[in-house]
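> What follows is a predicted structure for the sequence shown.
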Amino acid sequence: MQKSLLTPVLVVAALAAHAQNITVTGRVLSASGEAQPGATVLERGTTNGTSTGVNGEYSLSVSPQATLTISALGFAPQQVPVQGRTTLEVRLVASATDLGDVVVTGSRAAIGRSNVLTASPVDVISAREIKAFAQTDISQVLTYIAPSFQSARQTISDGTDAADPATLRGLGPDQVLVLVNGKRRYQQALVNINGTVGRGSVGTDLNVIPTAAIKRIEVLRDGAAALYGSDAIAGVINIQLKDDTTGVQATGLYGQTVESDGQTQQADINIGIGLNKRGFLDIGGQLLNRGYTNRAFQDTAPLIYSGDGSGNYPASATTEQSRRDLKAQDDALVAQRGYDRTNIRVGQSALRNFSGFL
């Protein structure tokens with residue numbers, strides 16, 4: 001019998017306790033008497049609270065003997081006893097401590113990647129960040145990640161369409177030192193010409209290093225000529241290859257332009273083999289097959305072989321019939337010699353690249 005009465009007794013007690021609360025309404029004003037939106041109204045000693053609306057109004061159910069704590073940014077907190085009242089209007093007092101300037105900065109990185117404790121700023125880029133940007137080679141990855149790095153891919157510019165001139169801090173490609181596992185990487189044989197970035201200089205081809213074999217990339221964004229020599233005036237890029245991987249990792253990428261050309265297929269693979277606790281063997285490889293793009297227009301000259309120097313009708317073709325006959329002869333020559341009116345290709349070249357590291 002006692003057990004059956006326990007639940008109703010608890011419900012009645014809870015209802016009685018709730019009935020003792022009162023609803024307090026009112027407004028919170030600023031020091032000048034204006035409505036203070038966003039102020040916090042909290043029952044002291046509890047988590048029961050609310051915030052004021054756009055007109056400074058609030059409504060909160062509390063105990064008749066409760067004390068309300070009202071606070072807002074830039075104002076001193078106030079303690080107001082309820083004492084059974086159902087309406088309270090509170091005017092805040094400005095805080096004696098002035099707020100300093102608030103500066104908010106943004107970054108594309110979820111976490112800070114720069115080591116600011118070193119004498120010079122060093123960006124450390126992990127393999128996860130490299131894959132997050134879905135680029136086909138290291139030069140393009142660093143262009144998106146490292147703020148001081150720039151890689152210029154130019155079409156119709158000799159071999160720079162395949163080997164991008166890479167620069168740091170706007171200096172020449174031959175003033176950027178590239179290290180692989182802390183050792184100097186040799187420079188390419190291609191001299192940048194034809195008005196490309198770093199014309200007359202020789203840089204280092206970063207794109208022959210498979211992205212799948214990279215553990216991290218460290219970019220020193222300051223001159224280090226005193227330590228490394230004159231080829232480190234712009235900075236240093238140190239590429240650390242994977243040294244603790246076991247198992248197989250493979251990724252693939254496909255894309256094309258909106259003009260349905262420039263198809264790009266890329267496959268990366270990295271294989272780590274343990275050598276019975278005596279070391280490991282890490283093999284990384286990359287296959288990149290990039291199609292060409294063409295943004296040239298057709299040759300619209302009336303005549304290809306029978307016209308004047310500009311492809312127009314010669315002055316001797318004065319009648320409509322003579323022009324038709326000349327056009328028919330020229331079209332026959334075009335068909336005979338296999339001429340294509342789109343006889344020039346303007347865009348990136350086709351590229352097939354195989355690379356591997358052991």
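Cool, the structure landed. Everything numeric in this text was worked out from a predicted model, so none of it was measured. Residues are numbered from 1 along each chain as shown.
> residues near A226, how many?
Taking other Cβ atoms under 10 Å as the neighbour definition, A226 ends up with a count of 7. Placement of C-beta: from N, CA and C, glycine included.
> Go ahead and measure how far the helix or strand hosting it is from the middle of the chain.
Here A226 is covered by helix 225-228, with elements defined by DSSP states H and E. Going by Cα atoms, centre = their mean, to the nearest Å, the spacing between the C-alpha centre of helix 225-228 and its chain's C-alpha centre is 31 Å.
> which residues are contacting it?
When contacts are taken as Cβ atoms under 8 Å, 6 or more residues apart in numbering, the neighbours of helix 225-228 outside the stretch itself are 177, 232-233, 236.
> how about those residues, which pair is most distant?
I233 and V236 (10.2 Å; Cβ to Cβ).
> out of these two, which sits in the busier spot?
Regarding I233 and V236, a neighbour count based on other Cβ under 10 Å identifies V236 as having more, with 22 against 18.
> Only alpha carbons, please: show stretch 291-307 as PDB.
Included here for stretch 291-307 are C-alpha records, laid out as PDB according to Å, rounded to 0.1, in the frame of the first residue of the first chain:
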ATOM      1  CA  GLY A 291      45.300  16.000 -72.600                       C
ATOM      2  CA  TYR A 292      45.800  19.200 -74.600                       C
ATOM      3  CA  THR A 293      43.500  22.200 -74.700                       C
ATOM      4  CA  ASN A 294      42.800  24.300 -77.700                       C
ATOM      5  CA  ARG A 295      41.400  27.800 -77.700                       C
ATOM      6  CA  ALA A 296      42.200  28.700 -81.300                       C
ATOM      7  CA  PHE A 297      39.700  29.900 -83.800                       C
ATOM      8  CA  GLN A 298      39.200  28.800 -87.400                       C
ATOM      9  CA  ASP A 299      41.000  30.700 -90.200                       C
ATOM     10  CA  THR A 300      38.100  32.800 -91.700                       C
ATOM     11  CA  ALA A 301      40.100  34.200 -94.700                       C
ATOM     12  CA  PRO A 302      38.200  33.700 -98.000                       C
ATOM     13  CA  LEU A 303      41.200  32.200 -99.800                       C
ATOM     14  CA  ILE A 304      44.100  30.200 -98.400                       C
ATOM     15  CA  TYR A 305      46.300  29.600-101.500                       C
ATOM     16  CA  SER A 306      44.900  31.800-104.200                       C
ATOM     17  CA  GLY A 307      44.300  35.100-102.400                       C
END
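> Quick check: buried residues in that stretch?
Counting neighbours by 16 or more other Cβ atoms under 10 Å, one finds that the buried residues in stretch 291-307 are 291, 293, 303-304, 306-307.
> what's the answer for stretch 326-346, then?
When burial is assessed from 16+ other Cβ under 10 Å, stretch 326-346 yields the following buried residues: 326-327, 330, 334.
> Which one of these is nearest to Y58?
V334 (85.0 Å).
> name the element that closest one belongs to?
Under the criterion of DSSP H and E, V334 resides in helix 320-337.
> Quickly run through the sheet partners of the helix or strand just after that helix, with directions.
Downstream of helix 320-337, the first helix or strand assigned by DSSP H and E is strand 351-357. Listed by DSSP bridges, the sheet partners of strand 351-357 and their directions read strand 280-290 (antiparallel).
> Mind listing residues that contact the strand it pairs with?
Outside strand 280-290, the residues that touch it by Cβ under 8 Å, 6+ apart are 136-137, 210-213, 241-246, 262-275, 348, 350-358.
> Of those, select the buried ones using a PyMOL command.
To isolate the buried ones among these in PyMOL, judged by 16+ other Cβ under 10 Å, type:
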select buried, resi 136+137+210+211+212+213+241+242+245+262+265+266+267+268+269+270+271+272+348+353+355+357
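> which stretches of the stretch 1-150 of the chain form helices?
Defined through DSSP state H, counting those that start in this stretch, the helices belonging to the stretch 1-150 of the chain, from first to last, are 2-19, 127-132, 138-145.
> worst average pLDDT in the ones you listed?
Per-segment mean pLDDT for the helices of the stretch 1-150 of the chain reaches its minimum on helix 2-19, at a mean of 44.
> quick revisit: for the helix holding V334, list the C-alpha coordinates in PDB.
Written as PDB, here are the backbone C-alpha positions of helix 320-337 (Å, rounded to 0.1, in the frame of the first residue of the first chain):
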ATOM      1  CA  GLU A 320      31.100  37.700-108.800                       C
ATOM      2  CA  GLN A 321      31.600  34.800-111.200                       C
ATOM      3  CA  SER A 322      35.400  35.300-111.100                       C
ATOM      4  CA  ARG A 323      35.400  35.200-107.400                       C
ATOM      5  CA  ARG A 324      33.300  32.000-107.300                       C
ATOM      6  CA  ASP A 325      35.700  30.300-109.800                       C
ATOM      7  CA  LEU A 326      38.700  31.400-107.700                       C
ATOM      8  CA  LYS A 327      37.000  30.200-104.500                       C
ATOM      9  CA  ALA A 328      36.300  26.800-106.100                       C
ATOM     10  CA  GLN A 329      39.900  26.400-107.200                       C
ATOM     11  CA  ASP A 330      41.200  27.400-103.700                       C
ATOM     12  CA  ASP A 331      38.800  24.900-102.000                       C
ATOM     13  CA  ALA A 332      40.200  22.200-104.300                       C
ATOM     14  CA  LEU A 333      43.700  23.000-103.300                       C
ATOM     15  CA  VAL A 334      42.800  23.000 -99.600                       C
ATOM     16  CA  ALA A 335      41.200  19.600 -99.900                       C
ATOM     17  CA  GLN A 336      44.100  18.300-102.000                       C
ATOM     18  CA  ARG A 337      46.800  19.400 -99.600                       C
END
